[in-house]
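S.K.: Prediction below, plus the sequence it came from.
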Amino acid sequence: MAKNDYGWKEPRCLLENASSQNIRLNEETVRLLHKIHDPVVVVSVVGLYRTGKSYLLNKLAGMQSGFPLGNTIQAKTKGIWIWCIPHPTKSETCLVLLDTEGLGDVEKGDSQNDVILFTLAALLSSTLVYNSKGTIDQSAMDSIHFVTEIAEKLKISDKTESSEDDDVQLAEHFPSFIWAVRDFTLDLSIDGKSITADEYLENSLALKRGAGAKAAQYNLPRRCIRRYFPHRKCFVFPLPVGNPGLMTNLEKLLEAQLLPAFSDRTREFCSFVFENSPAKAIGGHILNGPKFAGVAVQYVDQISKGSIPSIENAVVSMAKRANEEALQECAKQYREAMATFKLPWENEGLLELHHRQTEKTVSILFFKLAMIVDDEPEAASKFTKMIEQEYQCVCTKNDEISKKNSEEALNGLQKDISTRINSGYYFKVGGYTEYQKDIAEMVRKYIAVPGKGSQSNAILDGMLKQQITTAKSIMAVDKSMTEHQQKAEEQRLVQENMEKEMKMLKQAQEKAERRLQEQARMQKDFLISVQTKFIQELETYKRQLNLLKAQLEKEQLKYRREGSREDADEVEEYFRLLQAKEMAGSPPYRGF
């Protein structure tokens with residue numbers, strides 16, 4: 001179990017829902033999602049109102065209560081509610097539970113709103129649980145009619161008006177599907193032969209032969225479920241209690257009051273969800289809290305503007321925003337890390353600190369937060385520029401502190417010499433030799449002072465340059481020096497000063513070259529890390545494709561057995577498209 005409990009003591013409203021054109025995300029909930037940096041496994045439960053969706057979610061949360069359970073004919077949940085808790089079986093993973101507003105509520109009177117809620121739940125989830133009561137009969141299929149309208153309300157790319165012409169491709173973007181049948185009282189058998197719950201579901205989804213309107217109406221919801229959700233599972237739950245009067249207060253009942261068969265099935269359901277629901281991933285990239293929130297923001301923003309949401313556009317927009325946020329977070333982490341080191345430092349030492357912290361920022365933070373969809377050289381340039389700006393701020397501050405420390409150290413050591421100069425002590429025979437000894441001793445002591453940093457030599461050289469005029473004045477009155485000796489010494493001082501200036505210029509050039517080399521190294525390391533992350537995401541994406549292809553092969557065989565050649569051919573065409581994507585070696589959303 002993850003050590004972080006994420007601070008969510010109860011469910012919160014994620015989506016506030018008034019109508020199909022008036023939905024909005026709760027800003028405080030979005031803000032809290034941005035604090036979750038672990039991978040998220042997203043499980044949503046949808047279904048008709050008053051079918052016990054919230055009870056299943058509370059069981060997944062390991063709680064007796066949490067999501068509200070209604071005991072009247074009115075729908076209890078409004079919009080979409082969310083609860084983020086530590087995953088019970090996967091460490092450092094967040095289990096995100098979504099409770100959607102009950103579909104088919106006559107008081108709401110907006111069937112299009114049901115389609116939007118169902119579509120959002122499907123797009124955001126790792127596993128989508130459809131909860132119903134009784135049996136999977138024609139009435140149940142009629143109740144899930146909104147699944148037939150998904151393609152009209154969603155498009156994969158901005159290049160198309162909707163997904164109606166390529167809706168088979170929605171399978172790649174939709175979660176695994178669990179049909180939870182509550183209060184199931186029939187025997188699981190066909191023609192006297194026992195069957196599993198999964199076989200019961202598949203038999204219920206079998207297509208009817210024929211080309212008439214009646215067959216088409218019968219097949220439509222079944223075809224859509226099979227087309228959009230090739231990963232399917234079914235659980236049938238017996239009645240929870242023998243006394244019908246207790247059915248309306250399930251959350252108040254003790255485990256001992258529930259029928260053992262119901263408790264066992266509930267545990268089986270929870271175990272299956274925990275073990276088989278993967279972290280939510282898009283194009284091989286596993287989402288965390290901020291990215292999950294980012295995708296939700298993009299979808300809801302498109303819907304609220306009255307446009308048909310585009311999966312591609314939502315993901316790319318979210319990814320670019322996530323990358324910008326990651327860059328800002330990198331800058332913050334770099335800034336805070338560099339601030340822990342006490343300044344001043346020598347240039348080489350500071351550059352080494354910068355180098356180490358840059359590597360940590362790239363390897364640990366940025367590639368944990370960012371998604372690869374941008375052009376790599378452009379992203380590398382942005383990253384390098386940002387870190388260089390932060391490093392320049394550190395260098396400026398380091399130079400300022402070094403200058404202050406060096407000047408204070410030098411002024412203290414220079415005090416006695418200044419006093420002697422002002423009193424005329426050195427202006428005598430042999431004074432210049434004594435002056436030079438005092439200067440040499442001062443330099444020796446100054447060099448020994450620790451903690452002066454990058455400006456140490458520059459401050460010393462500046463002081464010595466200022467002393468040239470004083471040295472000439474002392475030589476002029478020192479009669480122990482011949483005129484020739486004085487000229488030779490003056491030339492030495494001038495030459496020494498020129499050499500120092502040349503040395504300082506060379507050091508400045510070397511510093512600039514090192515900075516350029518460091519920038520080039522950063523860009524190179526960045527691009528290497530990008531490629532490493534890309535390969536990881538590509539492998540994840542290929543695993544997803546292989547699982548999907550395996551399911552599609554099974555689906556194709558079912559269609560052929562049912563005599564539905566057209567459906568089988570569509571699956572075959574989609575299968576070839578997935579193979580082409582795999583051969584291309586590039587996850588979706590990359591380079592858009």
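M.R.: Perfect, I can see it now.

S.K.: Tell me the confidence at residue 243?
M.R.: On the pLDDT scale, residue 243 is placed at 82.

S.K.: again with residue 354
M.R.: Residue 354 is assigned 89 on the pLDDT scale.

S.K.: just the one 5 residues further on next, same as before
M.R.: For residue 359, the model assigns a pLDDT of 82.

S.K.: Need the per-residue pLDDT for the closest residue to it other than its chain neighbours.
M.R.: In this structure, residue 359 finds its nearest non-sequential neighbour in residue 525, 6.8 Å apart by CB to CB, 6 or more residues apart in numbering. Placement of C-beta: from N, CA and C, glycine included. For residue 525, the model assigns a pLDDT of 77.

S.K.: check contacts around residue 525.
M.R.: Neighbouring residues of residue 525 by CB atoms under 8 Å, 6 or more residues apart in numbering: 358, 359, 362.

S.K.: quick one: what helix or strand has residue 535 in it?
M.R.: Assigned by DSSP states H and E, residue 535 belongs to helix 483-562.

S.K.: for residue 130, same thing?
M.R.: strand 127-133.

S.K.: what packs against that strand?
M.R.: With contacts defined as 3 or more CB pairs under 8 Å, 6 or more residues apart in numbering; DSSP states H and E, strand 127-133 has these neighbours: strand 40-47, helix 53-60, strand 176-182, helix 260-276.

S.K.: could you check the distance from residue 302 over to residue 154?
M.R.: 10 Å (CB to CB, to the nearest Å).

S.K.: Out of those two, name the residue with the larger neighbour count.
M.R.: More neighbours surround residue 154 than the other of residue 302 and residue 154, with 27 against 18 (other CB atoms under 10 Å).

S.K.: list residues touching both of residue 302 and residue 154?
M.R.: The contact sets of residue 302 and residue 154 overlap at 308, 309 (CB under 8 Å, 6+ apart).

S.K.: can you pull out the strands in the stretch 201-350 of the chain?
M.R.: With strands called from DSSP state E, counting those that start in this stretch, the stretch 201-350 of the chain shows them at 232-236, 281-282, 285-286.

S.K.: which among the contacts of residue 525 gets closest to residue 439?
M.R.: Nearest to residue 439 out of the contacts of residue 525 is residue 358 (CB to CB; 41.6 Å).

S.K.: any idea which element the closest one lies in?
M.R.: Per DSSP H and E, residue 358 falls inside helix 347-360.

S.K.: what about residue 399, neighbour count?
M.R.: For residue 399, the neighbour count with other CB under 10 Å is 18.

S.K.: distance of it from residue 405?
M.R.: Remark: distance between residue 399 and residue 405 (CB to CB) = 11 Å.

S.K.: residues shared between the contacts of these two?
M.R.: 344, 453.

S.K.: all helices of the stretch 251-400 of the chain, in order?
M.R.: 260-276, 289-304, 311-339, 347-360, 367-369, 376-423 (DSSP state H, counting those that start in this stretch).

S.K.: Mind putting the ones you listed into a markdown table with distance to residue 575?
M.R.: As requested, the helices of the stretch 251-400 of the chain are exported to a markdown table (distance: least, CB to CB, whole Å):
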| stretch | distance to residue 575 |
| --- | --- |
| helix 260-276 | 23 |
| helix 289-304 | 27 |
| helix 311-339 | 20 |
| helix 347-360 | 43 |
| helix 367-369 | 32 |
| helix 376-423 | 31 |
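
S.K.: Pick the most deeply packed of those.
M.R.: helix 289-304 (a mean of 22; mean count of other CB atoms under 10 Å).

S.K.: ok and it relative to helix 311-339, angle-wise?
M.R.: Between the axis of helix 289-304 and that of helix 311-339 there is an angle of 140 degrees, by axes from the mean of the first three to the mean of the last three CA atoms, to 10 degrees.

S.K.: How far away from the center of its chain is helix 289-304?
M.R.: Centre-to-centre, helix 289-304 and its host chain are 13 Å apart (CA atoms, centre = their mean, to the nearest Å).

S.K.: what's the worst-scoring helix or strand of the chain on mean pLDDT packed up against?
M.R.: When each helix and strand of the chain is scored by mean pLDDT, DSSP states H and E, helix 367-369 comes last, with a mean of 71. On a contact count with 3+ CB pairs under 8 Å, 6+ apart, helix 367-369 meets helix 311-339, helix 483-562.

S.K.: can you pull out the helices in the stretch 51-200 of the chain?
M.R.: Secondary structure of the stretch 51-200 of the chain, counting by DSSP H, counting those that start in this stretch: helices at 53-60, 111-124, 138-143, 197-204.

S.K.: ok, and what's touching the first one?
M.R.: Here helix 53-60 makes contact (CB under 8 Å, 6+ apart) with 43, 45-47, 64-70, 76-77, 83, 95, 97, 99-100, 102, 129, 131, 180, 250-251, 266, 269-270, 273-274.

S.K.: What helices and strands are in contact with the helix holding residue 358?
M.R.: helix 311-339, helix 376-423, helix 483-562.

S.K.: Next, name the residue at the spatial heart of the chain.
M.R.: The centroid of the chain falls nearest to residue 369 when counting by CA atoms, centre = their mean (4.0 Å).

S.K.: so it touches residue 324, yeah?
M.R.: No: taking contacts as CB atoms under 8 Å, residue 369 lies outside contact range of residue 324: 10.5 Å.

S.K.: Could you grab the helix/strand/coil label for the residue of the chain most remote from its centre?
M.R.: The outermost residue of the chain relative to its centre, with distances by CA atoms, centre = their mean, is residue 479 at 79.0 Å. What DSSP: H, G, I helix; E, B strand; the rest coil gives for residue 479 is coil.

S.K.: picking that back up, any idea which helix or strand comes after the helix holding residue 535?
M.R.: Using DSSP H and E, the helix or strand that follows helix 483-562 towards the C-terminus is helix 565-584.

S.K.: Now do that following helix: everything it contacts.
M.R.: With contacts defined as CB under 8 Å, 6+ apart, helix 565-584 is touched by 168-169, 171-172, 207, 223, 227, 542, 545, 548-549, 552-553, 555-556, 559-560, 588.

S.K.: Just the buried residues out of the residues you listed, in ChimeraX syntax.
M.R.: Those of the contacts of helix 565-584 that count as buried under 16 or more other CB atoms under 10 Å are selected in ChimeraX with:
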select :168,169,171,172,207,223,227,545,548,549,552,555,556,559,588
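
S.K.: on that earlier part again, which other residues reach the strand holding residue 130?
M.R.: Contacts for strand 127-133 (CB under 8 Å, 6+ apart): 41-48, 51-53, 56, 121-122, 140, 143-144, 174-183, 229, 273, 276-277.

S.K.: quick one, what contacts residue 295?
M.R.: Contact partners of residue 295, counting by CB under 8 Å, 6+ apart, are 123, 124, 282, 287, 314, 315, 318.

S.K.: Apply 7 Å and report the result again.
M.R.: 124, 314, 315, 318 (CB atoms under 7 Å, 6 or more residues apart in numbering).
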